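Student: test case, fold it:
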Amino acid sequence: MPDTHAQPGEMAGWIGRQEVLEDEVALPIVRRLAALLDQDPLRYRRGDALPEGWHSVFFAPIARQSQLGPDGHARKGDFLPPVPLPRRMFAGRRLRYLAPITIGAEIRRISTIGAITPKTGRTGQMIFVRVDHVVEMDGRPVLTEVQDIVYREEAKPGAGAPPKAEAQVELPPPDDSQVYAPETTHLFRYSALTYNGHRIHYDQPYTTQEEGYPGLVVNGGLHALFLHEMARRNLPGGQLGRFSVRNVNPFFVNRVGELRCKRAEDGTLQLWALNEAAKVVAQAEAAAEPGEMV
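Tutor: Coordinates of the predicted model:
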């Protein structure tokens, strides 16, 4: 059945709506993610602490096949509001890590619609939906996460990729950097781990003809995972307390970009994912202490 769309003012009733999901931090999933990140899968065992950021492959959507929309996402109007704009993108997230998650543990996520904000930008009309998550283990919070989802207008025929959100900026010399070149197998394995049906990550004809992109779009969650790994390498003790990331521009598969990290005097890290033209794809900030929500 089709989505029941509403105008922005009619969606206020969705603010405060909650969804509760349960999952298990299953060892096979953890090992598959390690393999995706080119790590030794067998180093991870039940009872170990889950690396920060890896929780993102759990709580995968479980919408029935008949409940998927034309883009591969679950249809709107249940937990997420019936936004009248068709194109959904993940804009960013802000995380506080309060306690380690144990591999093998049962975890619970309480999600709340925090805000619904219409905006107009260079790409046309947009609606931002903020979702607030609290993840619990053994009845106590282990992390909090705020996600920003943006919905945009339908792509105009022949329009190509959406205009760049920001002009190129000059970045400071990095303290750490690495090549970032996601291939189609990265996209396939990540989407399989997260049960992500969004067609822009695997369906080339849909991506180019319906959404107007020049090629398959690299998942924003992949940027976040690789930047988490870089942050962990550059923080004392290798543990994260706070991480925030904002997706700025799309990045397309089989292109060679770069990840960069810069340490501030206070120990905070600034991180970037860059595309093949050295323009920012995603920018992030990380710190060893949870601090306040950023």
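Student: show me where the stretch 1-150 of the chain has helices.
Tutor: In the stretch 1-150 of the chain, the segments counted as helices under DSSP state H, counting those that start in this stretch are 27-36.
Student: could you check how many residues crowd around residue 268?
Tutor: Per other C-beta atoms under 10 Å, the neighbour tally for residue 268 reads 17. Where you see a C-beta, it was placed from the backbone N, CA and C, and this is true even at glycine.
Student: how close does residue 118 get to residue 128?
Tutor: With distances taken as C-beta to C-beta, to the nearest Å, residue 118 is found 8 Å from residue 128.
Student: ditto for residue 91
Tutor: In terms of C-beta to C-beta, residue 91 sits 7 Å off from residue 128.
Student: neighbour-wise, which of the two wins?
Tutor: Neighbours of residue 91 and residue 128, each counted by other C-beta under 10 Å, are more numerous for residue 91; the result is 19 against 15.
Student: I'd say that one and residue 146 touch.
Tutor: No. At 10.9 Å, residue 91 does not count as touching residue 146 under the criterion of C-beta atoms under 8 Å.
Student: circling back: quickly list what's touching both of residue 91 and residue 128.
Tutor: 148-150 (C-beta atoms under 8 Å, 6 or more residues apart in numbering).
Student: centre of the chain to the helix or strand of the chain with the lowest mean pLDDT, how far?
Tutor: Every helix and strand of the chain was ranked by mean pLDDT, DSSP states H and E. The lowest is strand 87-97, at a mean of 90. Put simply, strand 87-97 sits 5 Å off its chain's centre (C-alpha atoms, centre = their mean, to the nearest Å).
Student: what does stretch 33-41 give?
Tutor: That offset, for stretch 33-41, works out to 19 Å (C-alpha atoms, centre = their mean).
Student: now residue 126, nearest residue through space, not along the chain?
Tutor: Nearest residue to residue 126 in three dimensions, chain neighbours excluded: residue 119, at 4.8 Å (C-beta to C-beta, 6 or more residues apart in numbering).
Student: who's in contact with the one you found?
Tutor: By C-beta under 8 Å, 6+ apart, the neighbours of residue 119 are 125-128.
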